[in-house]
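1. output the structure for:
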Amino acid sequence: MHKGRSLVISPTAAAELGRQASFAGTPGVMHLDLLEDSCDEGWLHIRLRPGQYNGVPLARTDGVTLYAPADQLDILQGLSLNYYGDLSGGGFLISSPDGAEGCGCGAGFRQMSEDKSDINI
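-> Residues are numbered from 1 along each chain as shown. Next comes the predicted model:
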C-alpha cells in the first residue's frame, strides 16, 4: 500500500465496488485510473474497472482492494470516493480536501482553489 494519505473509500462506495467486481468475476479487486478528459484540457476523468490492470494497491476497505497506476498515486492521495444511488440510477462522487471543479459533461474534474467538495464522476 502506498505510504501517505490514501484515497478514502466510503462504505457505500465499497459496497458498489464489491458488487461490480463480483459481477465481473474479480471479487474484491477493482482498478481506478485517471484519463485526460476529452471535454477540455486540464480535466481528468476517473475510470473504474474490475481487475488489477498492473496497478498497485491504493486503498483497501470492506473486502475491496482498489488498484491504481503507480504514476497516478500522488494525484489520488487524499481524495474520497463515495457512491450514491436512487430510483433514477447512481454514481460515484469524488471529494477532495483541496476542492475540485466538475466538468459540464459531468464526467470530469480538475483541482481548483475554491472549495467545492463533492463532484459527480
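2. contacts, neighbours, all on C-alpha from now
-> Noted.
3. which helix runs longest in the chain?
-> helix 11-24 (DSSP state H).
4. ok, residues contacting that one?
-> Helix 11-24 is contacted from outside by 27-30, 50-51, 61-64, 81-84, 92, using C-alpha atoms under 8 Å, 6 or more residues apart in numbering.
5. so who does Gly63 touch?
-> 14, 18, 28.
6. and the first one, how close does it get to Leu48?
-> Relative to Leu48, Ala14 is positioned 12 Å away (C-alpha to C-alpha, to the nearest Å).
7. same thing with Gly89?
-> 17 Å.
8. what about the two, which has more around it?
-> Leu48 (17 against 7; other C-alpha atoms under 10 Å).
9. which secondary structure element contains that one?
-> Per DSSP states H and E: Leu48 is located in strand 44-50.
10. how far is that strand from where the chain is centred?
-> Offset of strand 44-50 from its chain centre (C-alpha atoms, centre = their mean, to the nearest Å): 7 Å.
11. now do the next helix or strand after it against helix 11-24, angle only.
-> Sequence-wise, the next helix or strand downstream of strand 44-50 (DSSP H and E) is strand 56-61. Calculated by axes from the mean of the first three to the mean of the last three C-alpha atoms, to 10 degrees, strand 56-61 forms an angle of 120 degrees with helix 11-24.
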